[in-house]
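Undergrad: pasting the sequence and the predicted coordinates here, then a few questions.
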Amino acid sequence: MTAPLLVGDQMTGGYGHTTILNGCSIALAQGEIAVIVGPNGAGKSTAMKALFGMLTLRSGSVHFEGEDITSLSPEERVSCGMAFVPQTQNIFTTMSVEENLEMGAYRRREGLGETMSQIFSLFPVLKEKRSQKAGELSGGQRQQVAVGRALMTRPKLLMLDEPTAGVSPIVMDELFDRIIEVARSGISILMVEQNARQALMIADKAYVLVQGANRYTDTGQALLADPEVRKTFLGG
Ligand SMILES: Nc1ncnc2c1ncn2[C@@H]1O[C@H](COP(=O)(O)OP(=O)(O)OP(=O)(O)O)[C@@H](O)[C@H]1O
């Protein structure tokens with residue numbers, strides 16, 4: 001097996017006195033698409049926050065490319081090659097599409113134009129609307145801006161929290177296609193998804209979380225074929 005890129009091991013933590021993550025473990029290898037699914041409130045977003053350094057763990061660890069990054073800030077994790085697209089408020093609505101992308105690369109000087117062209121070829125509609133305010137775009141297009149902005153940091157790992165929330169099924173399919181394309185370009189993907197069935201279809205590795213703990217872990221295909229998983233989490 002390929003060396004793991006990201007490993008969150010036995011993560012425990014929460015907000016204030018409440019414990020949300022109960023020894024949750026998430027890992028993925030270079031080039032993989034990994035997805036986290038599970039019922040509402042299972043702690044999926046919290047697990048992503050923990051992996052990205054937005055939640056202090058009470059116990060457990062996070063390693064990236066073999067380095068212990070448990071105590072690093074989100075900004076330091078970006079410098080390591082991690083990028084995170086939160087579920088909401090992930091773009092600057094009053095700025096143009098192009099300005100949003102530039103903001104993504106505020107810490108870089110070199111090769112911005114090249115990265116932006118790559119993003120425009122991945123998301124042609126962003127090129128077309130580059131001068132338009134991001135807030136004027138449709139939901140699916142805004143998500144493309146958010147993903148594009150994260151890609152401007154040239155990450156090794158792109159983390160997406162419910163990228164298809166609130167978009168139509170057609171737009172969802174399109175976003176999934178784009179995500180697969182990002183993965184083919186060599187960027188690993190970790191995402192939380194409400195649309196479990198579709199997410200499992202594209203997942204090399206999938207985690208079903210329940211009450212902040214791992215319930216099932218396997219390839220997406222294996223979980224899709226598992227009668228228990230189908231019955232309990234995929235509506236039969
Ligand atoms: N900032 C916060 N402060 C306090 N509690 C929070 C906070 N964020 C989330 N929670 C609580 O933590 C629990 C897990 O939330 P989380 O968003 O991680 O779940 P989820 O599996 O992503 O669910 P959903 O699919 O509904 O987004 C929920 O009970 C939620 O109310």
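TA: It's in.

Undergrad: who in this protein is up against the ligand?
TA: 15, 20, 38, 40-46 (Cβ under 6 Å from any ligand atom). (C-beta placed from N, C-alpha, C; glycine too.)

Undergrad: which residues of the protein score low on pLDDT?
TA: When residues are selected by pLDDT under 70, those of the chain lie in 1-2, 108-109, 236.

Undergrad: can you give me the helices in it?
TA: Applying DSSP state H to the chain gives helices spanning 44-52, 74-80, 97-104, 112-122, 124-128, 139-151, 169-184, 196-201, 220-225, 227-233.

Undergrad: could I get those helices as a markdown table with distance to E67 and mean neighbour count?
TA: A markdown table is the format used below for these (distance: least, Cβ to Cβ, whole Å; neighbours: other Cβ atoms under 10 Å):
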| stretch | distance to E67 | mean neighbour count |
| --- | --- | --- |
| helix 44-52 | 14 | 24 |
| helix 74-80 | 7 | 14 |
| helix 97-104 | 23 | 21 |
| helix 112-122 | 24 | 15 |
| helix 124-128 | 33 | 15 |
| helix 139-151 | 21 | 23 |
| helix 169-184 | 23 | 16 |
| helix 196-201 | 28 | 20 |
| helix 220-225 | 28 | 18 |
| helix 227-233 | 33 | 14 |
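
Undergrad: and the furthest pair within the residues of the chain next to the ligand?
TA: Y15 and G38 (18.0 Å; Cβ to Cβ).

Undergrad: so for the two, which residue has more residues nearby?
TA: Set side by side, Y15 and G38 show more neighbours around G38, with 24 against 10, by other Cβ atoms under 10 Å.

Undergrad: please name the nearest non-neighbouring residue to that one.
TA: L209 (3.9 Å; Cβ to Cβ, 6 or more residues apart in numbering).

Undergrad: show me what contacts that neighbour?
TA: L209 makes contacts with 24, 36-38, 42-44, 47, 215, as judged by Cβ atoms under 8 Å, 6 or more residues apart in numbering.

Undergrad: hmm, try it at 6 Å
TA: By Cβ atoms under 6 Å, 6 or more residues apart in numbering, L209 lies in contact with 38, 42-44.

Undergrad: turn the helices of the chain into a markdown table, columns for distance to E162.
TA: Conversion of the helices of the chain to a markdown table gives the following (distance: least, Cβ to Cβ, whole Å):
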| stretch | distance to E162 |
| --- | --- |
| helix 44-52 | 8 |
| helix 74-80 | 18 |
| helix 97-104 | 19 |
| helix 112-122 | 20 |
| helix 124-128 | 20 |
| helix 139-151 | 10 |
| helix 169-184 | 11 |
| helix 196-201 | 10 |
| helix 220-225 | 17 |
| helix 227-233 | 16 |
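
Undergrad: noted, bye for now.
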